[in-house]
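**Q** Structure for this input, please:
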Amino acid sequence: MHNVETFRDLQREATEWRRYLHENPELDYQVHNTARFVTEKLASFGINHIETGIAETGIVALIQGEGGEGPTIGLRADMDALPILEASNKPWSSKIPGKMHACGHDGHTAMLLGAAKYLAGTRKFKGSVALIFQPAEEGALGGLRMVQEGIMDRFNISQVFGMHNAPGMEVGKFGIRHGPMLASLDEFDLIVKGRGGHAAKPNETIDPVVIAAQIIMGLQTIVSRKANPIESLVISVTKLKAADAFNIIPDEVEMTGTVRTHEPSLRDFAETHILSVAQGIARGFGGDAELDYRRHDPVTFNHMEETTLAIKAARNLVGSAAVDDNIKPRMGSEDFAYMLEARPGAFIFLGNGPTAGVHHPAYDFNDEALPFGIGYWVNLVETTLAT
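**A** Now for the predicted structure:
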C-alpha cells in the first residue's frame, strides 16, 4: 500500500483541473462542459472504455487491471455546482455569476481523475474499476437516475464507494463509520385552510396564519414527545407563504419543510404524525390542513465489509491516528445513498481544513487535500482488488 507521498507529483496537475472546473461551474444535469473535460482527460490517460450520456451527462469509464479475472468496483464523484453567487475572492473564482462550486464537487472530480490517471498507468489489481462521474447530486437525484439507468448491472459493479470533503476536519484526516453516515431527506408541503377576510375583523375569519403558527410549534412535539429520544429525527418548517398585503387575512397558508432521520422507519412515522398533528390543530380552530409528503434521498448506510476495506485503505495512506472510524453520523443527506441501496459499499469524509462550510458563498475546496483523496482511491482499489 502507498502513503500520501506517492501522490504528491499528481497534486499540481490535479490542482489545475480542479481550478478550471471551479471557474466553470454547471448545474444539475447541464454539466456538458464538465463532462467533456472529464471525458477528454480519461481518454488522454489511455482509458478506452468510456461511456457517456448516462443520466443525460453522466460518465462511467472502466479500467481493467492486469492481475487477471476479478470483480468490478465502482468509485463515484459528483460533478455539479450550486446556484450561489461566489464570495471566496480566490483568483480561480467562478466566471459565471450566480453559479459556484460551493460543495467541493470540483475537488471530488479532480481527485477521481487523479486516481484514474494513476490506476490506468499501473493497473496493479485484478478485475476492473468503474469510474462513475455523476451529475445532479444537489437535489436533482442524479445518483438515482444513474442507478435506474442500470449502471450497476451494465458494468457488473459488485461494490461501490463514495467520498466527500469535510470542512472543519484537518487535511490529511478521514472520518467514517459502519452503519448510517448521513440522514434520509424528505420534504413536505402543508396547506393550512381557513377563511380569509379583512385584518381589522379577525372575528369574521378563520385565520390560517394563527393556525399555521400553532402547527409549527405542534410539529416539534412529534420529535420531543412522540419519537424515541434515542433515535434521530429532525422536522423543520423552513418556508411560509400567506397574504400579499398587511391588511388581509388569507384563505390559506402554504408551509414547506424537511424531515431528516437515520432510521428508515421514522420516515413513515413522520409523515403520519405531521398530517395528524396539522389536521388536529387546524380542525380545532375550524380550519383544515392538507399534506404533500415527498421522499428523496434514503439513509446513507455504510456496509460492514466495505467500510472495513475503506478504513484499511485510509489507514495505510495516513496512519491509524488520522482515521476516525466511529465518526458521529450527520443530518445532511447524499444521493449516493441510492447507489448504496443498489450495491454494498461505503462513504467516507476527507478533511478540507478550516475552510468555510459547504454551500456557503465563501467556500473553496482545499487543494492540499487532493493527494489524500487520490491516494485513498488508489489504496482502496489495490486493497479491494488485491492480486
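
**Q** make it CA atoms for all contacts and neighbour counts henceforth
**A** Will do.

**Q** how about the helices in the stretch 251-387 of the chain?
**A** 265-284, 304-318, 337-342, 370-384 (DSSP state H, counting those that start in this stretch).

**Q** want to throw those into CSV with mean neighbour count?
**A** Converted to CSV, the helices of the stretch 251-387 of the chain look like this (neighbours: other C-alpha atoms under 10 Å):
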stretch, mean neighbour count
helix 265-284, 17
helix 304-318, 21
helix 337-342, 22
helix 370-384, 26
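
**Q** of these, which approaches His22 most closely?
**A** Set against His22 and scored by C-alpha to C-alpha, those come closest in helix 370-384, at 14.1 Å.

**Q** Averaged pLDDT, the closest one. What do you get?
**A** Averaging pLDDT along helix 370-384 gives 98.

**Q** Now do that helix against helix 304-318, angle only.
**A** Helix 370-384 and helix 304-318 are oriented at 130 degrees to each other (axes from the mean of the first three to the mean of the last three C-alpha atoms, to 10 degrees).

**Q** picking up where we left off before, any chance of the helices of the stretch 251-387 of the chain in a markdown table with distance to Gly121 as columns?
**A** Below are the helices of the stretch 251-387 of the chain laid out as a markdown table (distance: least, C-alpha to C-alpha, whole Å):
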| stretch | distance to Gly121 |
| --- | --- |
| helix 265-284 | 46 |
| helix 304-318 | 19 |
| helix 337-342 | 27 |
| helix 370-384 | 12 |
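
**Q** Name the SS class of the spatially closest residue to Arg295 that is not a sequence neighbour, please.
**A** Nearest in space to Arg295, with sequence neighbours left out and distances taken as C-alpha to C-alpha, 6 or more residues apart in numbering, is Asp186 at 4.6 Å. Using DSSP: H, G, I helix; E, B strand; the rest coil, the structure places Asp186 in strand.

**Q** Please apply the same query to the one 4 residues further on.
**A** Classification of Leu190 using three-state DSSP returns strand.

**Q** That one touches Ala282, doesn't it?
**A** No. Assessed by C-alpha atoms under 8 Å, Leu190 is found out of contact with Ala282, at 11.2 Å.

**Q** Glu86 versus Glu290, what's the distance?
**A** 38 Å (C-alpha to C-alpha, to the nearest Å).

**Q** of these two, who's got more company?
**A** Using other C-alpha atoms under 10 Å, the more surrounded residue of Glu290 and Glu86 is Glu86, with 23 against 16.

**Q** circling back to that earlier point, could you tell me which residues touch both of Leu190 and Ala282?
**A** Counting by C-alpha atoms under 8 Å, 6 or more residues apart in numbering, the common neighbours of Leu190 and Ala282 are Ala289.

**Q** re the thing from before, give the contact list for the residue nearest to Arg295.
**A** Thr258, Val259, Arg260, Arg267, Tyr293, Arg294, Arg295, His296, Asp297.
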